[in-house]
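**Student:** Predicted model follows, preceded by the sequence.
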Amino acid sequence: MTRIAAIQTAASQDRDANLAQAEHLIRELCSPDGLVVDFFLGGGTTAAACAAVGRRFIGFEINAASIEKAAKRLAA
């Protein structure tokens, strides 16, 4: 049981680190009135980063489960 919790914690930390990296890159590379296009939306990290730093975004994804996951992430 402890090992599972440790794995979940590590995954959460990785997700937070990825979000912080994405936010940094978007701030540096996308003008405030720019548009970020993500052709592989996945879990929505790029979309969440755009929302956090005030950039517009368009995301594309063919996997319905990933779309639901990204939508929940953005709604939070």
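**Tutor:** Now that the structure is in, tell me what you want to look at.

**Student:** C-alpha only now, for contacts and for neighbours.
**Tutor:** Fine.

**Student:** hmm, which helix or strand of the chain has the shakiest average pLDDT?
**Tutor:** helix 2-29 (a mean of 71; mean pLDDT, DSSP states H and E).

**Student:** buried set for stretch 16-23?
**Tutor:** Judged by neighbour count using 16 or more other C-alpha atoms under 10 Å, the buried positions of stretch 16-23 are Leu19, Ala22, Glu23.

**Student:** Likewise for stretch 20-35?
**Tutor:** Applying a neighbour-count criterion of 16+ other C-alpha under 10 Å, one finds Ala22, Glu23, Ile26, Arg27 buried in stretch 20-35.

**Student:** ok, now which ones touch the first one?
**Tutor:** What it means is Ala22. For Ala22, the contact set (C-alpha atoms under 8 Å, 6 or more residues apart in numbering) comprises Thr45, Thr46, Ala49.

**Student:** Mind doing that once more with 6 Å?
**Tutor:** For Ala22, the contacting residues are Ala49, taking C-alpha atoms under 6 Å, 6 or more residues apart in numbering as the criterion.

**Student:** All further residue positions should be reported with the first residue as 801.
**Tutor:** Got it, first residue is 801 now, which makes that one Ala822.

**Student:** that older thread, can you name the element that comes right after the least confident helix or strand of the chain?
**Tutor:** Using DSSP states H and E, the next helix or strand after helix 802-829 towards the C-terminus is strand 835-838.
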